[in-house]
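> Need a 3D model of the sequence below.
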Amino acid sequence: MDRSTPSSPVGDRHWHGSARLATGCALAFGVMTTLVDWDASTLTPARALLWLALSAAVFTVLLPPRVTAGPGWLTVRGPLRRRVVHTDALTSVRQYDGASSHLVLRDIHGHFVELDPRVLTANPLLWHELDTGVRRSLEHGTLRQGADVLGRLGHRIDDETAEAVLRASGLS
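Model (predicted):
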């Protein structure tokens, strides 16, 4: 690879499938509710608009954020907001467990992103970009909290990748 050309951003390779699922569920909800209302002879323009609005809400709730990364940055785009963090200038990384585990990355510029760690586990190229930025943050001395969190996550990602390779090769 030629070092003078910037590398292209990498993204969540499963996002398109999740977006199609969110679209399908929202369409199914909208069609089913409209058909039930129409069959009951209670469908009015106001109720049709209500079903349309509720379908849009279902889509918004089900659509996962789109995660992309490049050299020194990570972006999380939701339906309403886009957040960017400089991975080579991180100050803290926190992982919150519970019903929905998520990572919170903060940089020296005051920006932060929240993302599901499973996105990193399922996308080794995203993890590589984040890990490279974290190493730069450690070299610069800006990352003061959370290096251990990313270390544990890195070990888990490496273990799952090794398991997948062994399964694919028939050795496990």
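> what residue ranges in the chain are flagged as low confidence?
Across the chain, the ranges flagged by pLDDT under 70 are 1-7, 172.
> Strands along that one, start to end?
For the chain, applying DSSP state E gives strands covering 10-11, 66-70, 73-77, 82-85, 90-96, 102-107, 112-115.
> who does the fourth one touch, helix- and strand-wise?
I take that to be strand 82-85. Other helices and strands packing on strand 82-85, by 3 or more Cβ pairs under 8 Å, 6 or more residues apart in numbering; DSSP states H and E, are strand 73-77, strand 102-107, strand 112-115. Bear in mind the C-beta positions are built from the backbone N, C-alpha and C, glycine included.
> which residues touch that strand?
Applying Cβ atoms under 8 Å, 6 or more residues apart in numbering, the external contacts of strand 82-85 come out as 73, 74, 75, 76, 77, 105, 106, 107, 111, 112, 113, 114.
> Next: the longest one.
Contacts to strand 90-96, defined as Cβ under 8 Å, 6+ apart, come from residues 101-108, 117, 133-134, 137, 142-147, 149-150, 153.
> and if you look at the second one?
By Cβ under 8 Å, 6+ apart, the list of residues contacting strand 66-70 from outside reads 6-12, 15, 74-78, 87, 115, 119, 123, 125-126, 129-130.
> Drop anything exposed from the residues you listed.
Those of those that meet the buried threshold are 10-12, 15, 74-77, 87, 115, 119, 123, 126, 129-130, by 16 or more other Cβ atoms under 10 Å.
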